[in-house]
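*Asks:* what's the 3D shape of this:
(chains A and B)
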Amino acid sequence: MKPAFSVLFLTTLIGAGQGLFLALVTGQFYWVIGAEAVRESGAFYAGGAALALAFLALGLLASFFHLARPMRGWRAIARWRTSWLSREVILLPAVMGLVLVYGLLHLVDPRTVLVTFSNGKSLDLPLAAGFVGAGATVLLFVCTGMIYACIKFIREWAGVWTVVNFTLMGLASGFTLAAAYAAVTGSALRGFFVASALVLTLVALAGRAYTFRRHARLGAPSTLRSAIGVHHGAIRQVTQGFIGGSFNTEEFSSPGSPGLRRRLVPAVLAAGFAAPAALLALGWQGPDAALYAAFAVQYLGLLGERWLFFAQGNHVQNLYYQRAA
Amino acid sequence: MADKQLALVIDLNVCVGCHACVTSCKEWNTSGEAGPLADFNPYGADPKGVFFNRVQTYEVGTYPDTETVHFPKSCLHCEEPPCVPVCPTGASYKRAEDGIVLVDYDKCIGCKYCSWACPYGAREFDPHQGVMKKCTLCVDRIYDQSLPEERRKPACVLACPPGARLFGDIKDPDSEVSVAIREHGGYQLMPEWGTRPANHYLPRRRTRMHIHPDELVRADNPLKKEGELPRPDLSDPSLDDVTTW
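*Replies:* Coordinates of the predicted model:
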């Protein structure tokens, strides 16, 4: 498949934004259940929510560049009953709204207690709003992953691993971003975020490395035999019917040679996962700059990962478009 | 599902690969109300354009025992079209009344997601209009009351010189297409995906001529004499005299 840069930016940006928001809610929850009496200020969470919102908004902006008719984009909310794309289009602004509410509540009213439990812990209003937002954020991860996972004609994409990996990579980059944000603000949550980001990055590395291995072993989903319905062992295309280009030969063709794409796999695994993990480990007790570098390297690495995700997708329709003559 | 499903039946045993269906399709569909099927750089080095129908050619077997198969390919108007449910706007839809899968050019946002969901590569994006396009089964002519009834067929069907393309309702068991599918082994493309294409293909059938040895010998000339036989005498009885018809 041809990598669409709008979609590369959309999925990586909202992944990081969603991950950052989930990190903030997790961090807040960590203080509630943790033994320490330290609390972060409302301004810290509000600032984090603003940063998450910025990432989500940039992602939304990028998505418009994917549409040939962006002015009609609002129509995409119509078919949420059947289309994962429609569901994502609804959920992304919804998550942005909930992140905004979460940030505003922290600014204006960070201490309103909703419920106090028998063990003395309490649920305050911003955290409750955070839980609602976190639920929507997880659903958005599922929608984004399912947009690709439900295309059964691209075997590299079809299946639960696409959803798992999109979620893990979003969480990893979001928690790394949270660690960098905590370093900038000098928050006490810095250690918690760095440790979680490190663990999530390593889990995401395992998930993505597994699917890269899996893709290398995938067989052909269909054959020319069933494509044209001639039951013979030796069929070859003489011509696809035209010598010029067409939508089918451009949208579904992979850039670069198979060798180049294979060689990019270790580079992507290094830049998106291994190097950020090393930088996070370095920055745990070390310099803040390591954490900033970790996010920058990881984001670029994940952009490369998304490019490969597209480039490695081999669509069934390519059976019909093999030779121009 | 609907009790009517219009479809094409393409006889691969008849198709000669002349591309008349391709050009007639382009001509009809680029001239209609829905706007042109855009061409880019048509006379240059790298021409590119939107077509609803393509004729491909395959070679089956290994030389010298090969067979050439010309294979026209357009939207198959699946009964379970995977391209329809993925459309976020509802621009892609399947008509309940006759089963034609269509794109509403006024609702399409040009996200190309439907083309990812088609295993046959039947959809082509038009960058000029910014919408996805595909075969409409000439929906703007098959119901046109101003045309004589025998002309109310898709342009490709009317154009096919050897008559390799049939058009009709595959849900009607007595229609020409249903009979052709039933009696000539009509099949669907890539049935393993569960899309249930409405268009069917009729397989290549090997045509053999049996020549018996006595057909090679002129058994009606037992004297093995070439040339004209001597004219009978005028007084000899003619055939009219000896038979009673």
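*Asks:* okay, and for chain B, where does confidence drop off?
*Replies:* B:1-2, B:218-225, B:245 (pLDDT under 70).
*Asks:* How about residue A:127, nearest residue that isn't a chain neighbour?
*Replies:* Sequence neighbours aside, residue A:28 is the residue nearest to residue A:127 in space, at 5.4 Å (criterion: CB to CB, 6 or more residues apart in numbering or on different chains). The way it works is simple: take the backbone N, C-alpha and C, and place the C-beta from them, glycine included.
*Asks:* for that neighbour, what are its contacts?
*Replies:* Taking CB atoms under 8 Å, 6 or more residues apart in numbering or on different chains, we find residue A:28 in contact with A:40, A:45, A:126-127, A:130.
*Asks:* Quick check: the gap between it and chain B.
*Replies:* As judged by CB to the nearest CB, to the nearest Å, residue A:28 and chain B stand 34 Å apart.
*Asks:* residue ranges of the strands in the stretch 101-250 of chain A, please?
*Replies:* Here the stretch 101-250 of chain A has its strands, by DSSP state E, counting those that start in this stretch, at A:113-116, A:122-124, A:235-239.
*Asks:* on that earlier part again, list the buried ones in the helix or strand hosting the residue nearest to residue A:127?
*Replies:* Following DSSP states H and E, one finds residue A:28 within helix A:5-33. Buried residues in helix A:5-33, defined by neighbour count with 16 or more other CB atoms under 10 Å in any protein chain shown: A:6-28, A:31.
*Asks:* Show me what secondary structure element comes after that helix.
*Replies:* Next in sequence after helix A:5-33, counting helices and strands by DSSP H and E, comes helix A:42-64.
*Asks:* quick one: buried residues of that next one?
*Replies:* Buried residues in helix A:42-64, defined by neighbour count with 16+ other CB under 10 Å: A:42, A:44-49, A:51-53, A:55-60, A:62-63.
*Asks:* Excluding covalently adjacent residues, which one is nearest to residue 166?
*Replies:* Went with chain A since none was named. In space, and not counting its chain neighbours, residue A:166 is closest to residue A:145: 4.0 Å by CB to CB, 6+ apart.
*Asks:* not quite, I wanted chain B
*Replies:* Distances taken as CB to CB, 6+ apart put residue B:9 closest to residue B:166, at 4.2 Å, once the chain neighbours are dropped.
*Asks:* Can you name every helix or strand that the helix or strand harbouring the one you found contacts?
*Replies:* In the assignment (DSSP H and E), residue B:9 maps to strand B:6-11. For strand B:6-11, the packing partners by 3 or more CB pairs under 8 Å, 6 or more residues apart in numbering or on different chains; DSSP states H and E come out as strand B:165-169, helix B:176-183, strand B:200-202.
*Asks:* try 10 Å
*Replies:* When contacts are defined as 3 or more CB pairs under 10 Å, 6 or more residues apart in numbering or on different chains; DSSP states H and E, strand B:6-11 sits against strand B:65-74, helix B:155-159, strand B:165-169, helix B:176-183, strand B:200-202.
*Asks:* For these, give me JSON lines that also has mean neighbour count.
*Replies:* Compiled in JSON lines, those are given as follows (neighbours: other CB atoms under 10 Å in any protein chain shown):
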{"stretch": "strand B:65-74", "mean neighbour count": "18"}
{"stretch": "helix B:155-159", "mean neighbour count": "22"}
{"stretch": "strand B:165-169", "mean neighbour count": "22"}
{"stretch": "helix B:176-183", "mean neighbour count": "16"}
{"stretch": "strand B:200-202", "mean neighbour count": "24"}
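*Asks:* can you put the ones you listed in a markdown table and add distance to residue B:29?
*Replies:* Formatted as a markdown table, the helices and strands packed on strand B:6-11 follow (distance: least, CB to CB, whole Å):
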| stretch | distance to residue B:29 |
| --- | --- |
| strand B:65-74 | 11 |
| helix B:155-159 | 8 |
| strand B:165-169 | 16 |
| helix B:176-183 | 22 |
| strand B:200-202 | 22 |
